[in-house]
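Asker: need a structure here:
(chains A and B)
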Amino acid sequence: MKTLSRREVLGSLAGIASLPLVPELAQALAGTRTAADWRIAFADLESDLPSTPLICVQGKVPSDLSGTLYRNGPGKWHRPGKSATHWFDGDGLVRAFSLSDGKAVLSAAFVDTPKRRADIAAHAVVSGGFGTPMAEHVTVSSSDDFNAANISVVSRGNELWALWEAGSPIVMDPRTLATRGVKTLRDDLAHMPFLAHPRIDPDGVLWNLGVSGPQAVVWRLGMGGDVQAAVPITLPRASYVHDFTATDQHLIILLQPWVQRAAEMHSDFADMMEWHPEWSTQVLVLDKADLTRQRVYELPAFFFFHLGAAWRDPSGSILFDVCRSADPGFALRGARDVLQGVYRPDAIPTLALVTLTPGGKASLEDTGIAAEFPRTDGRRSGLPRSYTLHATSKAAREPLFTGIALHDWHTSQSRHYDFGPDHLVEEMVFVPNPASRSEMDGWILGPSINLRAGKTELHVFDPHHIADGPICTWQAPVALPLSLHGTFVNA
Amino acid sequence: MKTLGADRSSSLRHLHRSLRCAGALALASWIGSTSIAADAPAMAGLTMHFIGLKFSQGAVMVAVYNSEAAYENSGTASDTATRTLKLEIKDGTAVTTLEGLPPGQYAIKAFHDLNGDSKLNANLFGIPTEPVAFSNDAPVHMHAPSWKETVFVVHAGDNTISIHID
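Answerer: Here you go, the predicted model:
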């Protein structure tokens, strides 16, 4: 190996002096590469993003991938008089990545909620929410008065619904993203809670819960959004319920030991909750055909936001996956800290499989794999399946996630791809190939924020070759705030 | 102006109960004596303006209370309002005058009966689905405001109060 003299080194450096000295190169040369700034993922977007073509920066675009990926997540937290103090309390920002003929176009619009209007008029976030105190003088006659519509979206009929969890869906135009208003599913069901994680059967029937303390309603809606049933039930515990799951025959509601304190005044929702690690996690199983047929299982205490779709095995056991944490630390602290530009490494949720046997035994097997935002092949929702797609992370250097993984429950193999510390990866979804019926035969589609470039990117993966990286990546001219959940609607 | 029947009183009781259900957190503070001076020498008139109505259909249903106990217990006791009224809506407002009131402390609960069924409609969880309003424009925080937030003084002679509704 040739050893360069000092002159030769200087000469070689002179040779690159004419290159644009991009920050990465400058830092690499200086040997002081700094961490990319993750805080842009939690920075306000001031106004809607009109329809903007994305640039394909690498790979070949699948010609038969056509449709729109709608995503939602908080997009503005700060106002002059008072700001939201929790990530989950920003105004809902719905983004549409429209794909056709190998091209991608991005648009984004804030959901025009009564909450956002009240906050704009007050020049302050007066409406409160999950972790932001409500201003004293604000009138709240129902939870729709502080409905941020900022968690997810679902398509019903010719409407796109922006979903929160403690109030009604907000109707948007799926083409223009214009807000049409608060959805009243039936006059006597106005302002009822509607979770952001409905379960959709392969035939299109939508099941959902609305939860308020120990009170809950089980929703069943048709393809057009028509109410087929809205049945009140009483839960055994006033837990925080963000998600539930379902087999083809059952609804499964996990009641974690993070529960509402009774009869006290509280400044915000999270402040109203109390963590009881000495309690169990209750698992309430209801028969879809007869909601009075219920059974309760018990698991050790854990905290969770998200579950995978459930299925029944030949023995009659019910299985589903959960991304679980030791405690609600992220909900209480981490999701507040990120808005302050602070990240303190905390326990990362891990992927676990729950089994409920016909004999009444509940067990949990933890893979130890960092996991959040689990998604599955929707064609098998409630039916036996092998795969769970999820976000993952190799190191806890920045908040949230830098990679994606596909876990095979039959082989216990996990295939993953890590974008490295310059990206924050958002939830990715599975888009079936219409020409195939095989599980996970299609594409994995979802965004990341390229922190170094300061741009939102959209990636397509081949589920069978995740480790090879994206088969195609588009880049937007700007970075939008990190989004939470979304859905793909075929063209 | 008509006098409310039993069903209307029941509806207004339901208003308080519903709002309590909504938050289950309604806390009332004792604010001292709410009794009306027994030797009040003169009667009072109270003109109530309900303003800001967005819809002209239906009616404004009103209950007037003259004590904290009556106000706070209106969710469970029998009719505890000193006056109950059903008001017509014209040009976005509903107005009436009560005569012959003893001067003292009062509070008002009202709702806009949009569908004219004389009931405060509520959803499955008991959250009102028709607009509600209280004296002093006391804000609703997922539960009905307390007597302390809604009480106002009626003096001998003419008095006027405006309440935003809808």
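
Asker: what's the burial count for A:Pro114?
Answerer: A:Pro114: 18 surrounding residues under other C-beta atoms under 10 Å in any protein chain shown. Yep, even glycine has a C-beta here, placed from its N, CA and C like the rest.

Asker: can you check B:Arg83 too?
Answerer: Neighbours of B:Arg83 (other C-beta under 10 Å): 18.

Asker: Isn't it up against B:Val64?
Answerer: Yes. Shown here, B:Arg83 and B:Val64 form a contact pair, counting by C-beta atoms under 8 Å, at 4.2 Å.

Asker: joint contacts of those two?
Answerer: Overlap of the contact sets of B:Arg83 and B:Val64 (by C-beta atoms under 8 Å, 6 or more residues apart in numbering or on different chains) consists of B:Leu98.

Asker: any residue of stretch A:267-285 up close to chain B?
Answerer: No. Applying C-beta under 8 Å from any C-beta of the partner chain, one finds stretch A:267-285 separated from chain B by no less than 9.0 Å.

Asker: can you give me the mean pLDDT across that stretch?
Answerer: Per-residue pLDDT values across stretch A:267-285 average out to 92.

Asker: go on, stretch A:153-164?
Answerer: Mean predicted confidence for stretch A:153-164 is 98.

Asker: try stretch A:411-429
Answerer: Averaging pLDDT along stretch A:411-429 yields 96.

Asker: ditto for stretch A:443-453
Answerer: Averaging pLDDT along stretch A:443-453 yields 97.

Asker: Residue of the stretch 151-300 of chain A nearest chain B, please.
Answerer: Chain B sits closest to A:Ala190 of the stretch 151-300 of chain A, with a gap of 4.3 Å, by C-beta to the nearest C-beta.

Asker: Let me see the contact set for that residue.
Answerer: A:Ala190 makes contact with A:142, A:168, A:184, B:123, B:127, B:129, according to C-beta under 8 Å, 6+ apart.

Asker: most surrounded residue in those residues?
Answerer: A:Ser168 (25 neighbours).

Asker: got the contact list for that residue?
Answerer: A:144, A:147, A:182-185, A:190-192, A:194.

Asker: any chance of the residues you listed in CSV, plus secondary structure and pLDDT?
Answerer: Listed next are the contacts of A:Ser168 as CSV, based on DSSP: H, G, I helix; E, B strand; the rest coil; pLDDT from 0 to 100:
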residue, secondary structure, pLDDT
A:Asp144, helix, 94
A:Asn147, coil, 97
A:Val182, strand, 97
A:Lys183, coil, 98
A:Thr184, coil, 97
A:Leu185, coil, 97
A:Ala190, coil, 96
A:His191, coil, 95
A:Met192, coil, 97
A:Phe194, coil, 98
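
Asker: biggest separation within the residues you listed, which pair?
Answerer: Maximum pairwise distance in these, criterion C-beta to C-beta, is 14.2 Å, between A:Asn147 and A:Leu185.

Asker: So for those two, which sits in the more crowded spot?
Answerer: Between A:Asn147 and A:Leu185, counted using other C-beta under 10 Å, the more crowded position is A:Asn147 (29 against 18).

Asker: which residues touch the nearest residue to the more buried one once chain neighbours are set aside?
Answerer: Spatially, and ignoring its direct neighbours in sequence, A:Asn147 is nearest to A:Gly167 (3.6 Å; C-beta to C-beta, 6 or more residues apart in numbering or on different chains). Residues counted as contacts of A:Gly167 (C-beta under 8 Å, 6+ apart) are A:142-144, A:146-147, A:182, A:191, A:193-194.

Asker: roughly how far apart are the closest residue to A:Val182 other than its chain neighbours and A:Leu177?
Answerer: Nearest non-adjacent residue to A:Val182, counting by C-beta to C-beta, 6+ apart: A:Ser168, 5.0 Å away. Distance, A:Ser168 to A:Leu177, using C-beta to C-beta, to the nearest Å: 18 Å.

Asker: Let me know the secondary structure of the residue nearest to A:Asn147.
Answerer: In three-state terms, and counting by DSSP: H, G, I helix; E, B strand; the rest coil, A:Gly167 is coil.

Asker: Extract the residue ranges of chain B that are flagged as low pLDDT.
Answerer: Within chain B, the stretches with pLDDT under 70 are B:1-41, B:74-78.

Asker: what are the phi and psi values for the residue nearest the centre of chain B?
Answerer: Ranked by distance to the mean C-alpha position of chain B (C-alpha atoms, centre = their mean), the top residue is B:Lys109 at 1.6 Å. The phi/psi pair for B:Lys109 (degrees, to the nearest 10) reads phi -120, psi 140.

Asker: show me what contacts the residue of the stretch 1-150 of chain A found nearest chain B?
Answerer: In the stretch 1-150 of chain A, the residue that lies nearest chain B is A:Thr139 (4.2 Å; C-beta to the nearest C-beta). Contacts for A:Thr139 (C-beta under 8 Å, 6+ apart) come out as A:145, B:139-141.

Asker: That'll do, ta.
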